[in-house]
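Novice: Sequence and predicted structure below; questions after.
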Amino acid sequence: MVTQDAQSVAATTGTGPEGTGTTAGSQAAERKVRIVRVSPEGAATLLGAALGALALVWVLYERVLPFSGVLGFWLCWYVAFLLLYAGMARIQWDRRDVVNKATTVGLATAGILVLLVVVGTDLYTLVRGAPAVFHVSFFTQSLAFAGPDSPLDIGGVAHAAVGTLEQIFLGTLLAVPLAVTTAVFLSEVGGALARPVRIIVEAMTALPDIIAGLFVYALFILTLGLQKSGLAAALAIAVTMLPIIARASEVVLRLVPGTLREASLALGSSQWRTVWNVVLPTARPGLATAIVLGMARGIGETAPVLVVSGLTKEFNFNPLSGPQVSLPLFIYNYAHIEGVTQQYVARAFGAGVALVVVVLVLFWIARRLGGSTPGELTRQQRRRLARQGART
Amino acid sequence: MAVALTPGPPSAPSDDRPRKIVASVSRGDRIFRFGLRAAGLTVLIITGLILIFLLLRSFTALHAVGFRFFTTQSWFISTNQFGIAALLSLTVLIALIALVIAIPVGVATALFISEYAPPRLRRSLIALIDLMAAIPSIIIALFGLYFVMPRILGFDAWLSHHLGFIPVFHFRLANFPGNYASSTFIAGVVVSVMVIPIITSLSRQVFSQAPQGEREAAYALGSTKWGMIRTVVLPYGRAGVIGASMLGLGRALGETIAVSFILSPIFIFNYHVLESGGNSVTFMIATHLLQAGSKEISALMLAGLVLFAMTLGINTIAAIIINRSRSGATASAD
């Protein structure tokens, strides 16, 4: 459900109400009217309310009333801030304006809160994990010779990284063909079958992730009698990735202009040729984004692999047999389950750093690959085209 | 019909019926479409397989306790005293707490992104929400256990002191920080972090599709920005927000890792959300499956099946609502 945001941006930018204010000045002499969004009075009112609330709440909360707690303090501060701001605004503007301004502030707060949470979770992991990451052994060794209290320069998470890489590779291999074919089916063929498939795919994107693990456990281990292995984990990851990639890909495919399809069909090519030579190449960056984002989601999945991959402290390069640990499972185990020692928690946070970095890199790749509507070029591509044009 | 197919002179107006268009599909295309249909069908089959396998594996438990499984509030496998009454209600409680936080924050963020943020910032904010959805749940669980939990205890105490007259916030244990830890409330707060991106990104898409003409009409009538949002954007996006919230509910019900990091298990339903101890279906599966005997495995499969059926139902309704709110607005894009 995520990639389509990127596509819809292009459609929505510029259609905001602020676009309506620009005058239709075709002559260069006419000056474009700039709508000032931040007035000095507005900014001063905001700042004044924030500082006033801080002072007031500090006096009341810390000195007068018997309250305590950091979170409670900031909640009270926020309430006081909103009240003060509304009051100060009421002195200057009429009621409608005050409501407008107060809601603006409220909505902006939500945006800031979300920003803080995202940055906070990642930064916290990076900071807590830093001690473990700055050891060479962290990247080269397994945990085979490290006990609960071993110093951090013995043992590492290399075995879990191997497991993660192999499992995500296998999982992607299993999920992508089916996911993209399903997406092509939904966008190109349609029909009576498409509706239930689309709804089930959408419903599956938010399915409990542990159910995938439970399913593979029931199928692989209980029914087929196989052992826990990296392959079982990859299968579970594939089940969770499948709907995510399928849904994102379908959105991308539907953005391919219908005129391109019609042009191809009008030239006499079959539907199969049209899809293969026109639709898929046009949507390639978007599809790549969908797949990479799906990988980013799959790589962090813990619950599905929890019950099917088994746990080991040693290297296991063979995903087909024997338990194989992955980074999320490593964190799960050492941050929480096994007698939590200082070292284990530090290692878990170190693995968290590795995981966060991998997800961020995948995310960055996804943004670089596509993120815009099909046919729209990135800044670099435009520059390259311009250079080529200048040369000829 | 035969008359209509032969293009004669347009003399008789009664024959002026639209021609029936017969698209000839080549053999290659027929195979191609068949393959695509098979792929679509496979997705349905996988969903069906999940249901079937969970059902097959849960027969033992179903046979042992029957319908009592849904009403029993304990987990004693050997004496056949097990059920998911407490587990399921506690799961729902966690999900509700998560939604109470996530819906206002998510919808407000969506409005901010689609209506207030300048285009440049909007792009980055959308990327930020995507990133939030991509943060592994294990990282959020770490953050919740080691960062949020120690810091939220004071707030818990504050809530129970000053809002304790509300039954939900009532606190019956001794006022000792440890008694506030591992509570349903904290689990709900952490789970809300995972629900917010779902609600935000889906609502934002619906909000941004609110018709431009109606927005301008609202402005032309002298509305402020908030007035426009209240009268145009929010009514237009209502169905989308409901669908997004339901999808968020499905996600919250199924969250495993963060919940199992934070909770300490109890087996009796407790609606005093600030008190230590909680449980969920996913928590039981994650912590018990690996050490379970065959009967307990079966019981856990049954619990998983109930959860799966429940979330699949909720998500399907949500998906239908979202698709309906989306259709018509745009035919080609989302």
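Specialist: In hand now; what should we look at?
Novice: what domains does the record give for the chain?
Specialist: Defaulting to chain A. Using automatic domain parsing, the domain ranges for chain A come out as A:40-133, A:158-374.
Novice: You answered for a different chain; I wanted chain B.
Specialist: Split by automatic domain parsing, chain B gives B:2-56, B:58-326.
Novice: got those as TSV, with mean pLDDT, mean neighbour count and distance to chain A columns?
Specialist: For the C-beta atoms, the positions are set from N, CA and C on the backbone; glycine is no exception. Formatted as TSV, the domains of chain B follow (pLDDT from 0 to 100; neighbours: other C-beta atoms under 10 Å in any protein chain shown; distance: least, C-beta to the nearest C-beta, whole Å):
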stretch	mean pLDDT	mean neighbour count	distance to chain A
domain B:2-56	78	13	4
domain B:58-326	87	21	2
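Novice: who's in contact with A:Phe138?
Specialist: Contact analysis of A:Phe138 by C-beta atoms under 8 Å, 6 or more residues apart in numbering or on different chains lists A:132, A:152, A:156-158, A:347, A:350.
Novice: By pLDDT, give me the weakest of those.
Specialist: Among the contacts of A:Phe138, A:Leu152 has the lowest pLDDT, at 72.
Novice: helix or strand for that one, which one?
Specialist: Per DSSP states H and E: A:Leu152 is located in neither a helix nor a strand.
Novice: give me the number of residues near it?
Specialist: 19 (other C-beta atoms under 10 Å in any protein chain shown).
Novice: Dihedrals phi and psi, B:Pro211?
Specialist: phi -60, psi 130 (degrees, to the nearest 10).
Novice: residues touching residue 271, list them.
Specialist: Went with chain A since none was named. A:188, A:265, B:25, B:29, B:32-33.
Novice: To clarify, I was referring to chain B.
Specialist: B:Tyr271 neighbours (C-beta under 8 Å, 6+ apart): B:93, B:167-168.
Novice: swap in B:Phe82?
Specialist: Per C-beta under 8 Å, 6+ apart, neighbours of B:Phe82: B:61, B:65, B:69, B:72, B:74-76, B:299.
Novice: list the contacts for the residue nearest to A:Pro328 when sequence neighbours are not counted?
Specialist: Spatially, and ignoring its direct neighbours in sequence, A:Pro328 is nearest to A:Thr302 (3.9 Å; C-beta to C-beta, 6 or more residues apart in numbering or on different chains). Contacts for A:Thr302 (C-beta under 8 Å, 6+ apart) come out as A:209, A:328-329, A:331-332, B:136-138, B:256-257.
Novice: next one: A:Ile200
Specialist: B:43-44, B:47, B:316, B:319.
Novice: got the buried residues for stretch A:71-91?
Specialist: For stretch A:71-91, the neighbour count (16 or more other C-beta atoms under 10 Å in any protein chain shown) marks A:71-73, A:76-78, A:80-82, A:84-86, A:88-89 as buried.
Novice: Centre of the chain to that stretch, how far?
Specialist: Centroid separation for stretch A:71-91 versus its chain: 32 Å, with C-alpha atoms, centre = their mean, to the nearest Å.
Novice: do the same with stretch A:118-136
Specialist: The answer for stretch A:118-136 is 18 Å, by C-alpha atoms, centre = their mean.
Novice: List the buried residues for the helix or strand hosting A:Ala102?
Specialist: If you go by DSSP H and E, A:Ala102 is part of helix A:95-133. Going by neighbour count (16+ other C-beta under 10 Å), the buried part of helix A:95-133 is A:98-111, A:114-115, A:117-118, A:121-122, A:124-126, A:128-129, A:132-133.
Novice: Let's have the contacts of B:Phe82 in JSON lines, adding secondary structure.
Specialist: Shown next, in JSON lines, are the contacts of B:Phe82 (DSSP: H, G, I helix; E, B strand; the rest coil):
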{"residue": "B:Ala61", "secondary structure": "helix"}
{"residue": "B:Val65", "secondary structure": "helix"}
{"residue": "B:Phe69", "secondary structure": "helix"}
{"residue": "B:Thr72", "secondary structure": "coil"}
{"residue": "B:Ser74", "secondary structure": "coil"}
{"residue": "B:Trp75", "secondary structure": "strand"}
{"residue": "B:Phe76", "secondary structure": "strand"}
{"residue": "B:Ala299", "secondary structure": "helix"}
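Novice: State the pair within the residues you listed that is farthest apart.
Specialist: B:Ala61 and B:Ser74 (14.0 Å; C-beta to C-beta).
Novice: one step back: which strands and helices sit next to the helix holding A:Ala102?
Specialist: Applying 3 or more C-beta pairs under 8 Å, 6 or more residues apart in numbering or on different chains; DSSP states H and E, we find helix A:95-133 packed against helix A:70-92, helix A:342-369, helix B:85-111, helix B:119-134, helix B:137-143, helix B:184-208, helix B:225-228.
Novice: Show me what the shortest one is packed up against.
Specialist: Looking back up the chat, that one is helix B:225-228. helix A:95-133, helix B:212-220.
Novice: got the angle between the first one and helix A:342-369?
Specialist: Pointing back at helix A:95-133 there. 120 degrees (axes from the mean of the first three to the mean of the last three C-alpha atoms, to 10 degrees).
Novice: Helix A:95-133 relative to helix B:184-208, how many degrees between them?
Specialist: 120 degrees.
Novice: can you pull the contacts of A:Tyr332?
Specialist: A:302, A:306, B:138, B:141, B:257.
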